[in-house]
Every structure is written in C-alpha cells, then in structure tokens.
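Quick one, fold the following:
(one chain, ligands or ions: 3)
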Amino acid sequence: MNGTRVLVLNSGSSSVKYQLIDMHGGDRLAVGLVERIGEETSRLKHTPAGGGSREWSGPVADHDAALKAVAAELAGDGLGLDSPELAAIGHRVVHGGRRFTEPTVVDDAVLAEIERLIPVAPLHNPANLTGIRTAQQLRPDLPQVAVFDTAFHTTMPESAARYAIDVETADAHRVRRYGFHGTSHAYVSRETARLLGRAPEDVNVIVLHLGNGASASAVRGGRCVDTSMGLTPLEGLVMGTRSGDMDPAVIFHLMRVGEMSADEIDTLLNKRSGLIGLCGDNDMREIRRRVDAGDERARLAFDIYIHRLKKYIGAYYAVLGRVDAVAFTAGVGENSAPVREAAVAGLEGFGLAVDGELNAVRGDGARLISPAHARVAVAVVPTDEEMEIATQTYALVNDSGNLT
Ligand SMILES: Nc1ncnc2c1ncn2[C@@H]1O[C@H](COP(=O)(O)OP(=O)(O)O)[C@@H](O)[C@H]1O
Ligand SMILES: CC(=O)OP(=O)(O)O
Ligand SMILES: [Mg+2]
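Ligands and ions are numbered 1, 2, ... in the order given. You can find the predicted model right below:
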C-alpha cells in the first residue's frame, strides 16, 4: 500500500458527512456534507483545504447519488477517487451487533452481517450499506473499512448490557443493550483525559454526546461500563426526533387503544417524538430562541430534555462511584451554553458546577468550563468521529500489510 490518504464517509439516515484526510500530518484535504437526501431540496457543501466552499441545492435521490456527487466534487479539486494516493475508504457503520468489536475490512460476509442488522438500525444501516457498495463500485481495488458505533460498548458488563426479560427469548432474538456513537464516546473520553493531563486508564468520565441523536456513557479507565442507547438508537436521552426512554407498555397501549400498527409507532417514536414531537422544532438553536421569547411549548420541551439528561448524569455517577469529569460533545453539547448550564444546575452536591463566564466562551478546542478547584471537571470536548475513523482505518490497512 502506497497511498497515505483516507476518505471517510459518515452516512446518516438522510445525510452524508465526508472528509478526505492525509494521514501523514493529518491534513484535511476536503470536508463536506450532503443533507436532506431523498428530498427535492438536498444540499451539498464542499470545502477544500484552501477554503472557498462550494454549495449547491437540488434533488439527490439516495445515498448512491450522494456519494457520486461527492466523488464529482472531489474530482473537481484534483482529489478524485481514482487517485493512487488513496489508501482506503473508512465507513461509519452504526450497528455491528456483538460480532464486530474492532474496525473491519469489508468483504461479502461483513456486508451480509450489516444487512442482517437492518431491523435494529433501520434509519442507519441501510445508508451505511449503500455508502459501502457505491464506494466499492467506484474503487473496487481499495480496502473498504467499517468502523462500528457499537464497538466501544462491547466492554459493558452483562449487568448493564442485559435487559431484565426472559433470558432464552432475549438470546434467541439477540435482544440486549448494544449502545451507539461509540467512536465519539471513545474519542471524547480519551481527549478528556488528555485535557486533564492524566492517563485514560486513571480517569472516570461521563460523556454526553448531544447531537440530533443523543447518548450518554459511563467510561471507567477508558472502558465503557454503561451507555444510554440500547438494542437500537431509540433508548435513553430525549433526542431531536426520538423519544428516548419511556414505559414499553406505551407501545401496547397505542396498538390496542390507539389502533396504530408497529410501523406507525416505530415512525412516531423515531421521527415524530423527542424535541420535534414536543414543540415542533428539533434544532436547539431555534428552541432556545423560542424559550427566550417566552414560548411555553418550547420551554416544556427544553425542561423535559434537561430533566432526562440530569437523570443520566446522576445514574452514571452512581455507576462509576467516582467521577473525574463530565464531558459535553456533538452539535448541542459543543454549542449550547444554556443546555450545559441547565444540565449541571443543582448538582453542586455531586461536586458539579459550571462557571458562567467560561461556559459562555465560544471556542474550537477542548476546554474546561467548571470553576477552578472544582471536585469534578466539567468540559466541552469537540468530537471528531471522522478523524477517529480515518485513524482506525489507516492503522488497520497498514497493519494488515498488503490489502490493496
Ligand atoms: N450553535 C448551536 N447552538 C445550539 N445547538 C446547536 C448549535 N449548532 C448545532 N446545534 C444542534 O446540533 C444538532 C446537530 O448536531 P450533530 O452532532 O451535527 O448531529 P448529527 O450528527 O446527529 O446530525 C442540531 O440539530 C442542533 O440542535
Ligand atoms: C446512532 C445515532 O443515533 O446516530 P446519529 O446521531 O448520527 O443519528
Ligand atoms: Mg452525529
């Protein structure tokens, strides 16, 4: 293998985030995003290393078309997928079940397993599969590497991973907590230790990944011991469009009394719940704007979101026993000072507090927002799933020698 570049594809249900990274030095040669895939008003934004973003809007039918549009943009900068500099393509794959605990070079058996897991990641795995298949068509000679959201969570003890339901039934259908956003939880917990100037093995961290999808994890000495998402990315925190935790009997009630089908309830809980279900908006910026303008529905949605977040901070404090840091990350966690302030408010008894001035500062890097000499550090730690996927992809293709 001679190339030193890795293309990373992070395919979501309706978007693809991508980065082309030179692993010698870590330069990002291009970054971009295709969003609203499947709608008339899809949008592509492509930014080459020198700056000068290009944007266009128009229909992009599916992830196959999206990836071909990305390839065309890259080619326009002389960074086409035909480049001999390209060493591998790294793909975020959301559900890897229990089988994939490490980044994995994709072959037919790996594709078949990702496909088999579609019922437990219906919004994500189909997009991930299309991304891999299209990338294979464009560069059949290159290793395609899958990096799984579930991998970091495979260290969870059975006491955290098992649901309290009949063991035979659970095992027959592989029902258990898998957890997601693992690449982010792994990276952010490590970066938090670095921010504290300590080894990851010595540090216990609660990571709050608050994006459109949101999850919390308890990380003891660099290993995940619990996380809030479960069999699917629906459990846990209140999210942009997903309900998170609720009594499972809500589902039977909606079936029997509300006469809704399983598919209708699936759509309700995944796409029409969470913040958007509560107040009609899923973007925290818009919700805060409405709260500040006195909107009661937005206020209630915000309060429900924060109440759930606090419960998980408390729960993971108890799971870990000793907490060195709470780290906020992803779109909301990195950018919303009001969410961080409200999540920690009243937790002084746990040694947790936010310094108002530090919290208000906007910055790019990892930073502390707790008062000096606080017992527990509170930090904003930007996640970088793409760099982490690129690093793991490159390490794998180099270690495995002559995969190309
Ligand atoms: N400046 C901001 N203030 C508050 N929230 C923000 C800001 N920027 C982005 N967000 C929130 O971040 C979310 C997207 O987060 P992101 O981590 O990119 O999610 P995903 O990867 O799931 O698409 C948006 O829906 C919005 O709620
Ligand atoms: C697993 C998951 O919820 O991912 P995302 O936040 O990208 O939707
Ligand atoms: Mg995300």
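
List, one by one, the residues from this protein near ligand 2.
G12, V94, H124, D149, F180, H181, G211, N212, G213, P233 (CB under 6 Å from any ligand atom). C-beta coordinates here come from the backbone N, C-alpha and C atoms, glycine included.

can you rerun that using 5 Å?
Contact residues, the chain versus ligand 2 (CB under 5 Å from any ligand atom): G12, V94, F180, G211, G213, P233.

Might you report the residue contacts of the second one?
Applying CB atoms under 8 Å, 6 or more residues apart in numbering to V94 gives the contacts A121, H124, N125, N128, F148, D149, T150, F180, P233.

Tell me the pLDDT of the closest residue to it other than its chain neighbours.
Of all residues not flanking V94 in the chain, H124 sits nearest, at 3.6 Å (CB to CB, 6 or more residues apart in numbering). At H124, the model reports a pLDDT of 92.

State the distance from H124 to D77.
Going from H124 to D77 by CB to CB, to the nearest Å gives 29 Å.

between these two, who's got more neighbours?
H124 (23 against 17; other CB atoms under 10 Å).

before we move on, the earlier item: buried ones from the residues of the chain next to ligand 2, can you make that a ChimeraX selection?
Provided next is the ChimeraX selection string for whichever of these are buried by 16 or more other CB atoms under 10 Å:
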select :12,94,180,211,213,233
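
Now do the same contact list for the residue in the stretch 301-404 of the chain positioned nearest to ligand 2.
At 7.6 Å from ligand 2, A330 is the closest residue in the stretch 301-404 of the chain, using CB to the nearest ligand atom. A330 is in contact with H181, S184, H209, L210, G211, A214, T383, counting by CB under 8 Å, 6+ apart.

from the contacts of V94, which ones fall inside helices?
N125, N128 (DSSP state H).

Closest one of the contacts of V94 to P48?
If you rank these by distance to P48 using CB to CB, N128 comes first, at 25.5 Å.

out of everything not next to it in sequence, what's closest to that closest one?
That would be V93: by CB to CB, 6+ apart, it lies 4.6 Å from N128.

Beta-bridge partners for that neighbour, please?
F148 (DSSP bridges).

filter the residues of the chain next to ligand 2 by proximity to ligand 1?
Here is what survives when the residues of the chain next to ligand 2 are matched to ligand 1 using CB under 5 Å from any ligand atom: G211, G213.

Quick check: the farthest pair among the residues of the chain next to ligand 2?
Checking those with CB to CB, the most distant pair is V94 and G211, at 12.9 Å.

Quick one: mean pLDDT for stretch 23-37?
For stretch 23-37, the per-residue pLDDT averages 95.

repeat for stretch 70-86
Rounded mean pLDDT across stretch 70-86 is 94.

Sounds good, over and out.
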